[in-house]
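[1] The amino acid sequence is not available; the structure is as follows:
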């Protein structure tokens, strides 16, 4: 019975560890950048390109959403704050 309980516990822990989904936070929001800047399309794109370059150099996990915003992996936020602010 004790071995069965240990097997169940180990299996549960392994399955919970494998099922973790990545959570992303907005780092550069293309929609607010375009509203705040005078020459919105050029400056907003330059800011996004700069963010992508810095994040790539720092080997940070990020994605670009359908609106063009840069989203960084939540677990990498400390690394992002250190390299890209």
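    Looks like it arrived, so ask away. All of these numbers come straight from a predicted model, not from anything done at the bench. Numbers count the residues shown, from 1 in each chain.

[2] doesn't residue 73 make contact with residue 60?
    Yes. At 7.1 Å, residue 60 counts as touching residue 73 under the criterion of C-beta atoms under 8 Å. For every residue, glycine as well, the C-beta is placed using N, CA and C.

[3] Need the overlap of contacts for these two.
    Residues touching both residue 60 and residue 73 (C-beta atoms under 8 Å, 6 or more residues apart in numbering): there are none.

[4] continuing past the lowest-mean-pLDDT helix or strand in the chain, what's the next helix or strand?
    Taking mean pLDDT, DSSP states H and E as the measure, helix 30-36 is the helix or strand of the chain with the lowest mean score, a mean of 54. Once the chain leaves helix 30-36, the next helix or strand it forms, by DSSP states H and E, is helix 40-57.

[5] Report the residue spans of this structure with pLDDT below the cut-off.
    Counting by pLDDT under 70, the chain shows low-confidence ranges at 17-20, 31-43.

[6] Residue 67: helix or strand, and which one exactly?
    Counting by DSSP H and E, no helix or strand carries residue 67.

[7] Adjust the sequence numbering to begin at 891 for everything that follows.
    In the new numbering, first residue 891, that becomes residue 957.

[8] If we ignore the residues flanking it in sequence, what's nearest it?
    Excluding the flanking residues, the one nearest residue 957 by C-beta to C-beta, 6 or more residues apart in numbering is residue 920, at 5.5 Å.

[9] Next, count neighbours for the one you found.
    Counted by other C-beta atoms under 10 Å, the residues lying close to residue 920 total 19.
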